[in-house]
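> Model the structure of this input:
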Amino acid sequence: MILYLVRHAEAVELGSPGAGRDFDRALTPHGHAQARALAEAFAQLKLPVDAVVASPLVRAHQTAVELLDVWRMDARPVTCDLLAPERLKPNKLSDFLAAVPGDRIAAVGHMPELGAYAEWFLGAADGSIHLAKAAAACIEFKNDPDKAAGKLQWLVTPEWFM
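The predicted structure follows:
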């Protein structure tokens with residue numbers, strides 16, 4: 001299995017019009033451009049993705065929709081509450097992702113949870129992995145995703161593809 005951990009793209013500040021709750025923070029125009037640029041980099045490099053799973057928060061969902069749109073996948077993002085802030089349970093999230101059809105899954109979420117999840121997979125020190133907004137990490141597994149069972153293939157920031 002290959003898991004792409006993707007942090008949502010740039011979002012409006014909390015308290016902006018329409019963003020009275022953290023849940024409702026939408027992508028900025030720059031954030032939409034970041035998500036599209038990441039998706040285009042995947043497409044240009046012919047990186048296969050079978051499904052996209054996203055946090056239910058607006059900014060993560062919008063990032064996932066941008067990815068799917070560029071990849072021309074006739075699908076909607078699969079929503080997973082375990083990708084939401086303060087909801088990470090690595091074993092349960094891994095079980096959820098392993099049950100998603102396909103062997104190449106993109107999971108769109110938030111920091112610090114995505115960094116902690118990557119650390120869990122890699123057996124890395126707490127706080128050692130940070131994903132910038134619209135960054136992506138590729139972690140490969142011989143079998144299903146599990147603790148200390150992953151191998152980091154790459155981690156890129158938006159500067160790499162924009």
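
> which residues in the chain form strands?
2-7, 51-54, 78-79, 104-109, 136-141, 150-156 (DSSP state E).

> Export the ones you listed as a markdown table, with columns for distance to Ser128 and mean pLDDT.
All C-beta spots, glycine's among them, are computed from the backbone N, C-alpha and C. Shown next, in a markdown table, are the strands of the chain (distance: least, C-beta to C-beta, whole Å; pLDDT from 0 to 100):
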| stretch | distance to Ser128 | mean pLDDT |
| --- | --- | --- |
| strand 2-7 | 14 | 98 |
| strand 51-54 | 24 | 97 |
| strand 78-79 | 28 | 98 |
| strand 104-109 | 18 | 98 |
| strand 136-141 | 12 | 96 |
| strand 150-156 | 11 | 95 |
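
> what about stretch 4-21, start to end distance?
End-to-end distance for stretch 4-21: 28 Å, by C-alpha to C-alpha, to the nearest Å.

> Okay, buried residues for it please.
Tyr4, Leu5, Val6, Arg7, His8, Ala9, Glu10, Ala11, Val12, Ala19 (16 or more other C-beta atoms under 10 Å).

> In a markdown table, list the residues you listed along with distance to Ala125.
Listed next are the buried residues of stretch 4-21 as a markdown table, based on distance: C-beta to C-beta, whole Å:
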| residue | distance to Ala125 |
| --- | --- |
| Tyr4 | 22 |
| Leu5 | 17 |
| Val6 | 22 |
| Arg7 | 19 |
| His8 | 24 |
| Ala9 | 27 |
| Glu10 | 28 |
| Ala11 | 28 |
| Val12 | 33 |
| Ala19 | 34 |
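
> Let me know the pLDDT of the residue nearest to Ser128 when sequence neighbours are not counted.
In space, and not counting its chain neighbours, Ser128 is closest to Glu119: 6.1 Å by C-beta to C-beta, 6 or more residues apart in numbering. According to the prediction, Glu119 has pLDDT 97.

> Ala137 contacts Leu131, doesn't it?
Yes - the pair Ala137 and Leu131 qualifies as a contact (C-beta atoms under 8 Å) at a distance of 6.3 Å.

> overlap in contacts of these two?
Leu5, Leu114, Ala118, Leu155 (C-beta atoms under 8 Å, 6 or more residues apart in numbering).

> Need those in JSON lines (columns: distance to Asp146).
Converted to JSON lines, the shared contacts of Ala137 and Leu131 look like this (distance: C-beta to C-beta, whole Å):
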{"residue": "Leu5", "distance to Asp146": "15"}
{"residue": "Leu114", "distance to Asp146": "17"}
{"residue": "Ala118", "distance to Asp146": "13"}
{"residue": "Leu155", "distance to Asp146": "20"}
